[in-house]
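In: Need coordinates for the below:
(one chain, ligands or ions: 1)
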Amino acid sequence: MLRIGFLTSGGDCQALNAAMRGVVKVIQNNCEEPYELYGFENGYNGLIYGKFRMLTGHDFSGILTIGGTILGTSRVPFKTIDVPDENGLNKVEAMKQNYYKLQLDCLVMLGGNGSTKTANRLSEEGLNVITLPKTIDNDLWGTDMTFGFQSAVDIATTAIDQIHTTASSHGRVFIVEIMGHKVGWLPLNAGIAGGADIILIPEIPYDIDKVCEAIEERDKRGSRFTIIVVAEGAISKKDAKLSKKEYAKKLEKSKFPSVSYEIADKIAQKTGKEVRVTVPGHVQRGGAPDPYDRVFASRLGAEAGKMILKKEFGYMVAYKNREMTKVPLKEVAGKLKVVDPKSTIIKEAKLLGIKFGD
Ligand code: F6P
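Out: Residues are numbered from 1 along each chain as shown. Predicted structure coming up:
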């Protein structure tokens with residue numbers, strides 16, 4: 001008997017269901033022994049508290065195109081797993097006990113950075129773990145691409161496209177705040193795809209005067225409007241000099257709901273222009289996966305299924321240099337993949353005339 005546990009962890013994204021379906025299809029079509037599928041509910045909490053349901057192939061049928069996750073998800077930050085819960089429960093021990101109680105042969109975890117750190121911890125504790133790289137942020141080290149990213153780029157691009165027409169009618173400065181947590185992959189790609197004039201990402205701290213110069217330069221050339229894509233984690237050159245603690249304090253005290261509003265306020269003051277802010281927010285992680293993600297997540301799932309059958313554990317399935325591959329969890333855990341300001345995509349964007357406020 002082969003017993004496989006599944007859990008989806010952290011913020012959701014498109015194609016989580018497609019990826020799990022991919023794993024199960026491989027098992028259904030290729031496993032020579034009987035198998036059982038266990039779905040832990042709401043991320044690691046399901047594994048900690050033994051909240052699971054037994055699943056069959058039917059549960060994975062018809063979910064290729066459905067966003068969200070049939071298992072539910074939650075955030076259990078890595079730093080909290082060694083902190084006993086309010087009843088004194090040791091969470092790591094509880095996860096191990098539930099795994100052994102169900103006699104699982106492996107755990108398939110679909111998650112991003114923090115979740116993969118926890119998966120590595122469980123792997124170090126002796127559990128058989130395989131992870132699949134999930135996140136709209138595309139910030140998982142060890143893979144060129146995460147699933148969910150392309151679908152989010154599509155949605156973010158549509159948001160920028162919609163803003164374009166109204167911006168040109170009114171001759172305003174429009175800021176579109178794009179998700180991506182502390183990295184700029186999503187704003188950078190959506191910004192280029194949506195024809196943004198200025199893109200501000202965390203990896204390239206901005207100087208507000210340079211941003212205003214770029215707006216005024218466009219004005220002189222007769223362009224009445226400016227589209228600025230601001231990463232939710234964008235940071236000014238001045239703030240980048242603060243310690244993490246000081247910056248967190250600054251954000252806490254800020255009267256602005258997010259960095260975009262602060263930037264809008266400064267632009268309005270310095271240029272006298274009308275500025276509007278649009279925050280598409282969680283829309284970017286919602287809805288059906290796009291065709292790219294359906295294919296990509298299915299392929300990742302297929303690779304994970306293959307690894308289960310070959311009993312290769314302790315890896316994240318990855319996509320590198322256009323090939324499917326696997327990376328040891330211990331290499332991935334705790335590392336972030338950021339945009340290199342010297343990378344060719346940034347150089348090309350600059351050649352295209354996009355300003356980064358640097
Ligand atoms: O990590 C995915 C992500 O959508 C980030 O882009 C964003 O910063 C964060 O999650 C939002 O988290 P929450 O859903 O907890 O508000």
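
In: residue ranges of the helices in the stretch 151-300 of the chain, please?
Out: 185-193, 208-220, 237-240, 244-253, 259-271, 291-309 (DSSP state H, counting those that start in this stretch).

In: could you check the angle helix 259-271 makes with the fourth one?
Out: Interaxial angle, helix 244-253 versus helix 259-271 (axes from the mean of the first three to the mean of the last three C-alpha atoms, to 10 degrees): 80 degrees.

In: out of the helices of the stretch 151-300 of the chain, which comes closest to the ligand?
Out: Closest approach to the ligand among these is made by helix 185-193 (7.0 Å; C-beta to the nearest ligand atom). In this view, the C-beta of every residue, glycine as well, is placed from N, C-alpha and C.

In: wait, what's in contact with the residue lying closest to Ser151 once chain neighbours are set aside?
Out: If the residues on either side of it in the chain are set aside, Ser151 comes closest to Gln14, at 3.8 Å by C-beta to C-beta, 6 or more residues apart in numbering. The contact partners of Gln14, by C-beta atoms under 8 Å, 6 or more residues apart in numbering, come to 67, 136, 147-148, 151-152, 285-290, 293.

In: Quick check: which element contains Gln14?
Out: Gln14 belongs to no helix or strand when assigned by DSSP states H and E.

In: Next one: it relative to Leu7, how far apart?
Out: Distance, Gln14 to Leu7, by C-beta to C-beta, to the nearest Å: 18 Å.

In: again with Ser168
Out: 46 Å.

In: More neighbours: those two, which one.
Out: Each of Ser168 and Leu7 has its neighbours counted (other C-beta atoms under 10 Å); Leu7 has more, 29 against 14.

In: pretty sure that one is touching Asn45, no?
Out: No. The criterion here is C-beta atoms under 8 Å, and Leu7 misses it with Asn45 at 9.1 Å.

In: okay, now Gly287: neighbour count?
Out: With other C-beta under 10 Å as criterion, Gly287 counts 16.

In: And Asp265, by the same measure?
Out: Neighbours of Asp265 using other C-beta under 10 Å come to 14.

In: Could you do Gln284 as well?
Out: What Gln284 shows, counting by other C-beta under 10 Å, is a neighbour count of 25.

In: Could you do Thr166 as well?
Out: 13.

In: Could you check how many residues crowd around the closest residue to it other than its chain neighbours?
Out: Closest residue to Thr166 apart from its sequence neighbours, by C-beta to C-beta, 6+ apart: Phe174 at 7.6 Å. Counted with other C-beta under 10 Å, residues neighbouring Phe174 total 24.

In: Touching, Phe174 and Thr278? I think so.
Out: Yes. The criterion here is C-beta under 8 Å, and Phe174 meets it with Thr278 at 6.7 Å.

In: hey, what's in contact with both of these two?
Out: With C-beta under 8 Å, 6+ apart as the test, Phe174 and Thr278 both reach Ile163.

In: At the contact with the ligand, which residues of the stretch 51-200 of the chain appear?
Out: Gly112, Thr135, Ile136, Asp137, Met179, Gly180, His181 (C-beta under 6 Å from any ligand atom).

In: quick one: contacts for Phe225?
Out: Ala167, Ser168, His170, Gly171, Arg172, Val173, Phe174 are the contacts of Phe225 under C-beta under 8 Å, 6+ apart.

In: Just the buried residues of those residues.
Out: Ala167, Arg172, Val173, Phe174 (16 or more other C-beta atoms under 10 Å).

In: Now the second one: closest residue in space, sequence neighbours ignored.
Out: It stands for Arg172. Glu274 (4.6 Å).

In: number of nearby residues for the one you found?
Out: 14.

In: So it is in contact with Ile175, correct?
Out: No. Between Glu274 and Ile175 there is no contact under C-beta under 8 Å: 11.6 Å.

In: hang on, the earlier thing: okay, and which of the contacts of Phe225 map to strands?
Out: Counted as lying in strands by DSSP state E, out of these, are Val173, Phe174.

In: Quick check: the farthest pair among the contacts of Phe225?
Out: Across these, no pair lies farther apart than Ser168 and Val173, at 11.8 Å, counting by C-beta to C-beta.

In: quick one on the thing from earlier: which pLDDT value goes with the residue nearest to Arg172?
Out: You'll see Glu274 listed with a pLDDT of 95.

In: ok, now how distant is it from the ligand?
Out: 28 Å (C-beta to the nearest ligand atom, to the nearest Å).

In: Cool, thanks, talk later.
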